[in-house]
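In: coordinates only, sequence not included:
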């Protein structure tokens, strides 16, 4: 007998059992519904791209270059797995420019890969759920992205029951102004990349990184951290303070004005107070962001990091086409969100998409079991028919373990009388009804749960 190969997964990669896959698909369904409600249509792009395409907008020292899954394929081409969906979008837009109408909206849900250190809510293979608006510099597009994030998280909150969330916003123009005051305008990229890690690694390590990567003195690093941490007070108070601070900086004032309009329109549109907060420490580490940036945190579990992030990128397609194609968008981090829901005990304990189990008691009546099951499916109620005529106790035990809500039972006596038993599995209550009432009774029982 040959040796068996040990079944195992790579570090940072996951298998998904039904009880974990079902909430994933539910989140994807909610995201699709919200994105479509704002007029975003779907697109898709290949998982594998030419390396030069993915790296066209990446700075030489960027961390993502170390994390890229890059190799030569059978045709000796230099290729890599996509590390996000935004860079492929830039390539897609430039390549299909003549077929698209501007402004162009899209959403895309797909797997991406980064060879980074796995930790809670962070994996080497994970799924992103992006939505973007291309072809406009209007602040109205930036505002709409914030509204989509709010509606998306509100819909997820309604389904999974977490307490609340906070969409924190900033603007790269404001950040550039803050760094300009410190004489660091020529070191914006490495400084912002370090500041973006502030909530993850803390002040001292960020200060060390700025000294090592950007050549800042400890004093300069400390002042940079101090400036971005000045987010005390309400949104209007912070923006008023920034407006006075940048009275003679036209670019920074434009960033402040865009943030002010975002907060004002969100309030007018009915977004609850406190959902959107101006936070000067929100930097976003990727180099291509040029304007508004967003990060979203669960109030129950802020330490897990942002679960929906993004920003404006006005120059992303510049390496692929000479036509200016500014854009703005964000991405829901599906795996991080679900890791948070799991830690908060908010994931439903179900491993079946069907709420009803049709038990099988008399194998000769399989046609009747399948007939009634199809009648229920015809009105939108999912039903699983148990494949074996085992003892009813075993079948009901299976039903409870899998998370079914209702079981249907019919044996020789019930068939003779034209009746069915409907069992509420959670309440362990049972009633006997005529077959003609099965659909209506099951529908009522499911709606009552």
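Out: That came through fine. Because the structure is predicted, anything quoted here is derived from the model rather than measured.

In: For the residue most central in space within the chain, give me phi and psi.
Out: Centroid-nearest residue in the chain: residue 332, 2.1 Å away (criterion: CA atoms, centre = their mean). Main-chain dihedrals, residue 332, degrees, to the nearest 10: phi -80, psi 120.

In: number of nearby residues for the residue nearest to it when sequence neighbours are not counted?
Out: Take residue 332 and drop its neighbours on the chain: the residue closest to it by CB to CB, 6 or more residues apart in numbering is residue 129, 4.1 Å away. Quick note: C-beta positions are derived from backbone N, CA and C, even for glycine. Residue 129: 24 surrounding residues under other CB atoms under 10 Å.

In: Residue 129 - that's part of a strand, no?
Out: Yes: applying DSSP: H, G, I helix; E, B strand; the rest coil, one finds residue 129 inside a strand.

In: Can you list the strands that the one helix or strand residue 423 maps to pairs with?
Out: Secondary structure from DSSP states H and E places residue 423 in strand 419-424. Using DSSP bridges, the strands paired with strand 419-424 are strand 406-409 (antiparallel), strand 429-434 (antiparallel).

In: in that strand, what counts as buried?
Out: Using 16 or more other CB atoms under 10 Å as the test for burial, strand 419-424 gives 420-424.

In: Wasn't residue 309 part of a helix?
Out: No: counting by three-state DSSP, residue 309 is located in no helix; its state is strand.

In: Would you agree it is in contact with residue 289?
Out: No: using CB atoms under 8 Å, residue 309 makes no contact with residue 289, being 10.1 Å away.

In: Quick check: residue 381 touching residue 353?
Out: No: Residue 381 is beyond contact range of residue 353, at 11.4 Å (criterion: CB under 8 Å).

In: Show me which of those two is the more surrounded one.
Out: The neighbour count for residue 381 versus residue 353, taken as other CB under 10 Å, is higher for residue 381 (17 against 13).

In: okay if I get the buried residues of strand 419-424 as JSON lines plus pLDDT and distance to residue 348?
Out: Below are the buried residues of strand 419-424 laid out as JSON lines (pLDDT from 0 to 100; distance: CB to CB, whole Å):
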{"residue": "420", "pLDDT": "97", "distance to residue 348": "27"}
{"residue": "421", "pLDDT": "96", "distance to residue 348": "26"}
{"residue": "422", "pLDDT": "96", "distance to residue 348": "22"}
{"residue": "423", "pLDDT": "95", "distance to residue 348": "20"}
{"residue": "424", "pLDDT": "93", "distance to residue 348": "18"}
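
In: Give me the mean pLDDT for the helix or strand hosting residue 173.
Out: Residue 173 is part of helix 172-181 when elements are defined by DSSP H and E. Average pLDDT, helix 172-181: 81.

In: Name the residues that touch the following helix or strand past that helix?
Out: Per DSSP H and E, the first helix or strand lying C-terminal to helix 172-181 is helix 188-195. Contacts of helix 188-195 with the rest of the structure, by CB atoms under 8 Å, 6 or more residues apart in numbering, involve 59, 61-63, 172, 175-176, 179, 184, 206, 209-210, 213-214, 216, 224-225, 228, 281, 283-285, 287.

In: Quick one: the buried residues of strand 419-424 as JSON lines, columns for distance to residue 70 too.
Out: Output for the buried residues of strand 419-424, formatted as JSON lines (distance: CB to CB, whole Å):
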{"residue": "420", "distance to residue 70": "60"}
{"residue": "421", "distance to residue 70": "60"}
{"residue": "422", "distance to residue 70": "58"}
{"residue": "423", "distance to residue 70": "56"}
{"residue": "424", "distance to residue 70": "55"}
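
In: circling back: ok, the residue nearest to residue 332 touching residue 112?
Out: No: counting by CB under 8 Å, residue 129 does not reach residue 112; the two are 10.9 Å apart.
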